[in-house]
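K.L.:
please find the sequence and the predicted model below.
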Amino acid sequence: MLSLIKFVIFVMAVCLLFPASSVYGHGLGIDTIYSIDIQGKEVSITVEMPMYFENDQEQITISVMERETKENAKNVTFLIGLFHENNLIFRNYFFAEDGILSIKVTPTQEGEITIYGEQDSLFGAWYGTESNPIEITGPLFNSGGLYNFEIEIKTIDEPTNIIENSGIYNANLSIVDTVTYIQKDVENHDVEFRFKSYFDKISNFEYDPEAKQVTFEMPFDWSEKQMSHVPVVHVEAHFPKDFTEFVTPGYLGYANGIELFKASVTIDDYTEDDERIVHFILLQDHLRFLKNQMKKSDEPLPENIVFTLFTSKNMELPLIAYTKSEDFKLNLAWDPIVIEPGINTTFVFTIRDGQTSEPLRNSDYTFVIIQNGKEIHRTSGTALIGGYFEKFTFSEDQTGPMIIKFENIRNTEQETEFRIVVVPEFGTVALIVLVTSITVVVFVTRTNLFRFSV
């Protein structure tokens with residue numbers, strides 16, 4: 001009993017003091033270059049564009065804001081060069097009287113790049129009017145990957161106030177790149193792997209059925225100039241849920257041979273019905289950590305990131321689930337880790353703010369256990385410090401799929417759930433945990449339990 005109390009206190013303390021980070025966002029459609037000095041005036045340049053060019057026509061917006069006034073600059077002339085895979089697509093002058101440059105883009109498969117709009121007499125800069133907006137047509141934005149906007153400011157404040165040597169500034173934005181590979185499993189059957197990259201193009205993918213690992217790479221510039229405005233590198237690996245030789249409780253991720261943080265590799269079995277998705281999420285701090293590790297060797301920094309994904313039999317707790325509105329996030333762990341009939345199980349949970357991950361004190365909740373669509377347990381309570389626990393002992397006839405449900409969280413009628421299955425058979429317990437955002441499949445033997453950590 002003493003060890004159980006210690007366990008509960010430990011789990012609640014860890015859950016409260018170290019909030020699990022949210023893994024949301026599928027790439028970024030905006031890049032801002034800060035602290036640009038133009039004739040003693042500090043400005044920022046922001047570039048926005050869609051991550052998918054799904055419509056016949058999309059829009060790119062480039063704006064300049066003065067830091068002191070928080071207002072858009074006036075009479076800005078840009079010299080903009082657009083690059084993709086180190087190839088120049090166009091370089092032209094553009095003018096925005098109100099500091100906001102809007103360009104309509106109509107991609108075509110063939111032809112030449114053509115710009116429509118009005119042109120001024122100073123630089124021949126393109127500008128738009130209500131009746132004649134700027135439009136660019138031609139073979140651009142037809143493929144995914146990283147696009148580099150090379151931007152110079154040639155005038156500001158007044159249309160004739162020409163700026164000499166204002167500097168060249170780079171903004172990098174991505175169009176989501178999706179690529180599919182067919183690989184052989186250990187029995188020589190075809191397996192489809194699909195990748196979505198929210199940064200740059202994936203290449204050189206391989207699956208090793210004997211080692212149960214995948215490798216792939218993408219270009220990456222490790223210079224501080226480029227890394228300073230790369231907030232995240234995000235890649236999704238998709239493969240079938242019934243691909244049993246590679247669907248495991250967890251995975252170990254590596255980048256250029258360096259092990260990634262556990263938070264950088266997450267499993268998602270909720271988004272797609274038939275596919276497991278493994279997310280690689282490398283935040284800017286993670287990228288700098290990788291760079292510092294690589295610099296310890298005498299080798300020059302590479303021009304790419306080589307990702308490696310290994311199967312792992314370790315399950316990490318607590319698990320995480322969000323309400324549909326994402327207003328609330330719940331962490332759930334339990335003891336003992338193998339849930340068996342006849343043994344008292346303690347479910348430890350924390351109710352958090354869905355945006356900040358801060359624990360929410362005085363949180364009312366209703367804790368429900370459901371088997372085959374019927375409630376077998378219901379109790380309500382208040383998590384005074386944001387975290388609490390509930391106990392339950394399953395009977396011999398209470399095996400199979402179960403739903404652990406939290407209802408009416410903080411009296412808002414919002415809810416979320418965790419699905420568990422406990423199936424004792426031939427001395428082995430098969431435990432499947434499904435969460436609203438993550439599904440983990442776990443196989444536990446009585447003589448070889450997984451390491452438990454939070």
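P.N.:
Looks like it came in fine. Numbering: from 1, shown residues only.

K.L.:
helix or strand with the lowest mean pLDDT in this structure?
P.N.:
strand 439-445 (a mean of 33; mean pLDDT, DSSP states H and E).

K.L.:
what's around the closest residue in space to Asn161 that isn't next to it in sequence, how many residues?
P.N.:
Distance criterion CB to CB, 6 or more residues apart in numbering; nearest residue to Asn161, sequence neighbours excluded, is Thr155 at 5.3 Å. Just so you know, the C-beta spots here come from the backbone N, C-alpha and C atoms, and that holds for glycine as well. When neighbours are defined as other CB atoms under 10 Å, Thr155 has 24 of them.

K.L.:
distance of Thr244 relative to Glu206?
P.N.:
According to CB to CB, to the nearest Å, Thr244 stands 20 Å off from Glu206.

K.L.:
should've said Trp126
P.N.:
In terms of CB to CB, Trp126 sits 46 Å off from Glu206.

K.L.:
neighbour-wise, which of the two wins?
P.N.:
It is Trp126, of Trp126 and Glu206, that has more neighbours when counted by other CB under 10 Å, with 22 against 12.

K.L.:
mind listing what that one touches?
P.N.:
Applying CB atoms under 8 Å, 6 or more residues apart in numbering, one finds that Trp126 lies in contact with 92-95, 115, 117-119, 134.

K.L.:
show me what it is bridged to.
P.N.:
Per DSSP bridges, the residues bridged to Trp126 are Phe94, Gln119.

K.L.:
ok, and what's touching stretch 356-375?
P.N.:
15-16, 19-22, 328-329, 347, 350-353, 376-387, 390, 392, 398, 400-411.

K.L.:
cutoff 6 Å now
P.N.:
Outside stretch 356-375, the residues that touch it by CB atoms under 6 Å, 6 or more residues apart in numbering are 16, 19, 350-353, 376-380, 382-383, 385-386, 390, 398, 402-403, 405-411.

K.L.:
same question for stretch 185-194.
P.N.:
180-183, 209, 238-239, 243, 245.

K.L.:
low pLDDT regions in the stretch 351-454 of the chain?
P.N.:
421-454 (pLDDT under 70).

K.L.:
kindly recompute the last result at 50.
P.N.:
425-454 (pLDDT under 50).

K.L.:
quick one: the strands in it?
P.N.:
Ranges of strands within the stretch 351-454 of the chain are 363-371, 374-383, 387-393, 400-407, 416-425, 428-435, 439-445, based on DSSP state E, counting those that start in this stretch.

K.L.:
kindly provide the distance from the nearest residue to Phe280 once chain neighbours are set aside to Val278.
P.N.:
Spatial nearest neighbour of Phe280, chain neighbours left out: Val235 (4.4 Å); criterion: CB to CB, 6+ apart. Distance, Val235 to Val278, by CB to CB: 9 Å.

K.L.:
returning to that earlier point: narrow the contacts of stretch 185-194 to those that are buried.
P.N.:
With burial judged by 16 or more other CB atoms under 10 Å, the buried subset of the contacts of stretch 185-194 is 181, 183, 209, 238-239, 243.

K.L.:
tell me which residues in stretch 295-309 are buried?
P.N.:
Residues 305, 307-309 are the ones in stretch 295-309 that count as buried (16+ other CB under 10 Å).

K.L.:
adding secondary structure and pLDDT, write those residues out as CSV.
P.N.:
As requested, the buried residues of stretch 295-309 are exported to CSV (DSSP: H, G, I helix; E, B strand; the rest coil; pLDDT from 0 to 100):
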residue, secondary structure, pLDDT
Ile305, strand, 97
Phe307, strand, 98
Thr308, strand, 97
Leu309, strand, 96
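
K.L.:
now, the most widely separated pair of those residues?
P.N.:
Farthest-apart pair in the buried residues of stretch 295-309 is Ile305 and Leu309; separation 12.8 Å (CB to CB).
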